[in-house]
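Asks: Curious how this folds, go ahead:
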Amino acid sequence: MSMNPEEDEIMFSNDNEEEAATRPPSPSRSVVPGWKLLLVDDDSSVHDVTTLALKNFEFNGRPLHFLHAYSAAEALTLLQQEQDIALALIDVVMETDHAGLDLVRHIRHDLQNRTTRLVLRTGQPGQAPERSIIRDYDINDYKEKTELSSQKLYTTVMAGLRSYQDIMALEANRQGLHRVINASRELFRPQHLPEFIQGVLQQLVAVLYLDKNSLFVHTGCFAMECDDEQNRITAATGDYEAYMNRDPHDVFDDDIINAIDACLQHKHDILTEHHYTAYFSPANGREGVLYLTTPHRLSNIDYELVKLFCHNASIAYQNIVLREEVEQTQSEIVYMLGEAIERRSKETGNHVYRVAAYSELLARLVGLDEQLCRRVLIAAPLHDFGKIGIPDAILHKPGKLDSEEWTIMQRHAEIGGELLGRSKRDAIRLAATIARQHHEKWNGKGYPLGLKSEEIELTARITALADVFDALQSKRCYKEPWSIDKTMELITREAGEHFDPKLVQLLKENLALFIAVRERYPDPD
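Replies: Residues are numbered from 1 along each chain as shown. Here you go, the predicted model:
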């Protein structure tokens, strides 16, 4: 996806506007959460004085949210319940002379909490911890209560929060990078594009210390399925995650909609006090917008960093979009070939779509990995590819084939396997295996090789069941369609004979899902 280097991104297009009163409130209106500060001290007056001294404290536009514990045990309970405590001010001497130090050990060792910043306080100067404890348990500071003036307390808390913010940003950046790498590595997974964008959002939030609320929206047409322009959120973080796959015009207030529309109209990014809206235009023609809520206006340095980051991310995104297009084009050609073969046999073209969908569904139910399931979806439509070498007179014969005709008809499995087997592409080679083996039977009485049970490739066993399940319910030149009950009666009877019994059981247990597939791809009247 090509990005305008002077702009940045989220994605939408124009739809009929709804009345603002009918839209849910925008996530951007949410209250900025405070930094969680845990006070651990058995003296209530220390809590009161500390709270008073820091009541107007703010860091990066966020106030403090105080949590109070009057013993090490209380503090440990709070730390187990609250996952995002930024800073803890801990008294050393409470229930015991070393209760505070024991609490620190629990935090770092038992809870494996490496992010919360820890400051030890004591009213007894002789209780200072050893240097090894300060080092090993990542204690930020040690203060005597008598030396903690209001200014020094302010400085201590500010330093602790800065350190916590840096640690959390690094962790968020690491997680975002991990997701981007995974998405880039597994480009043929159907989810890879949203995962990639989600990772980009995480990285951007981490780099700029932004609010978690950000979203990414696609505009334009849904691939090959419709020509009407569509708007949908395809990746999101924070409060916006609840609006995934929704049209932004349906869920956001006028402030966000106006920012998005202006960004798309002028084709450049827009920076306001609390929002950043960035424009980009991918290689496939779909416009995009990235929308971020920010606790404060981006500085010039941050703004330039955003543009540079988004420009670099767009290079990787463009590659993903183009590879998706190639995959979709290949799939479309495969389906067209399968449909052409079925039409030559005077069978409904939707047969190949249903068999492919049934096969992918069975592959998932049996536990095949994502990549193989995707290949099954591409390969299954070519299961009868070899019929291209069978004479029309045999293909179209309404009555029963004689022994010579049946021998010729059986050759289509070998023909398909041979033709498709010339390819070096994994999906097509899988199609060759399916074409060659999908008429083998579990009991070894199938053709062309007489393979039995697990000698038959699992993908071929899957497609064989899917093919018969659909063929029995479809009209053919030699028969009328069967009911679902009659179809399942035969398939159940053939479990362990014609079909893999485990696959038959999965079909029976999930029959409603298979019926839904048929309803999605009905035969023409």
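Asks: From now on I want contacts and neighbour counts done on CA atoms only, so please keep to that.
Replies: OK.
Asks: For the spatially closest residue to residue 423 that is not a sequence neighbour, pull up the helix or strand it's in.
Replies: Nearest residue to residue 423 in three dimensions, chain neighbours excluded: residue 429, at 6.2 Å (C-alpha to C-alpha, 6 or more residues apart in numbering). Using DSSP states H and E, residue 429 sits in helix 426-437.
Asks: quick one: buried residues of that helix?
Replies: Residues of helix 426-437 classed as buried: 427-437 (neighbour count, 16 or more other C-alpha atoms under 10 Å).
Asks: Can you name every helix or strand that it contacts?
Replies: helix 370-379, helix 403-420, helix 458-472 (3 or more C-alpha pairs under 8 Å, 6 or more residues apart in numbering; DSSP states H and E).
Asks: for this structure, what spans make up the strands?
Replies: Along the chain, counting by DSSP state E, strands occupy 35-40, 58-59, 62-69, 85-91, 117-122, 141-144, 214-220, 230-237, 270-271, 275-280, 288-293.
Asks: Any chance of those in a markdown table with mean neighbour count and mean pLDDT as columns?
Replies: Below are these laid out as a markdown table (neighbours: other C-alpha atoms under 10 Å; pLDDT from 0 to 100):
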| stretch | mean neighbour count | mean pLDDT |
| --- | --- | --- |
| strand 35-40 | 23 | 96 |
| strand 58-59 | 13 | 93 |
| strand 62-69 | 17 | 95 |
| strand 85-91 | 25 | 94 |
| strand 117-122 | 23 | 89 |
| strand 141-144 | 18 | 82 |
| strand 214-220 | 26 | 44 |
| strand 230-237 | 23 | 74 |
| strand 270-271 | 16 | 82 |
| strand 275-280 | 26 | 78 |
| strand 288-293 | 28 | 79 |
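Asks: between those, which one is nearest to residue 111?
Replies: strand 85-91 (12.8 Å; C-alpha to C-alpha).
Asks: any idea how far residue 383 is from the residue nearest to residue 358 when sequence neighbours are not counted?
Replies: What sits nearest to residue 358 in space, not counting adjacent residues and going by C-alpha to C-alpha, 6+ apart, is residue 466, at 5.6 Å. Distance of residue 466 to residue 383, given as C-alpha to C-alpha, to the nearest Å: 11 Å.
Asks: Pick out whichever of those two has more residues nearby.
Replies: Higher neighbour count among residue 466 and residue 383: residue 383, with 31 against 26, using other C-alpha atoms under 10 Å.
Asks: Need the pLDDT of the more buried one.
Replies: Residue 383 carries a pLDDT value of 90.
Asks: what's the answer for residue 511, then?
Replies: pLDDT, residue 511: 96.
Asks: Same check on residue 159?
Replies: 93.
Asks: That one: how many residues sit nearby?
Replies: As a burial measure, residue 159 scores 16 neighbours (other C-alpha under 10 Å).
Asks: Buried residues, stretch 480-487. List them.
Replies: For stretch 480-487, by 16+ other C-alpha under 10 Å, it's 482, 487.
Asks: Just the C-alphas of that stretch, formatted as PDB.
Replies: Output of stretch 480-487 as PDB, limited to C-alpha atoms (Å, rounded to 0.1, in the frame of the first residue of the first chain):
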ATOM      1  CA  GLU A 480     -32.700 -36.300  -8.500                       C
ATOM      2  CA  PRO A 481     -31.400 -34.600  -5.300                       C
ATOM      3  CA  TRP A 482     -31.600 -36.500  -2.000                       C
ATOM      4  CA  SER A 483     -32.800 -35.100   1.300                       C
ATOM      5  CA  ILE A 484     -30.400 -34.400   4.100                       C
ATOM      6  CA  ASP A 485     -31.800 -37.300   6.100                       C
ATOM      7  CA  LYS A 486     -31.400 -39.800   3.200                       C
ATOM      8  CA  THR A 487     -27.900 -38.400   2.600                       C
END
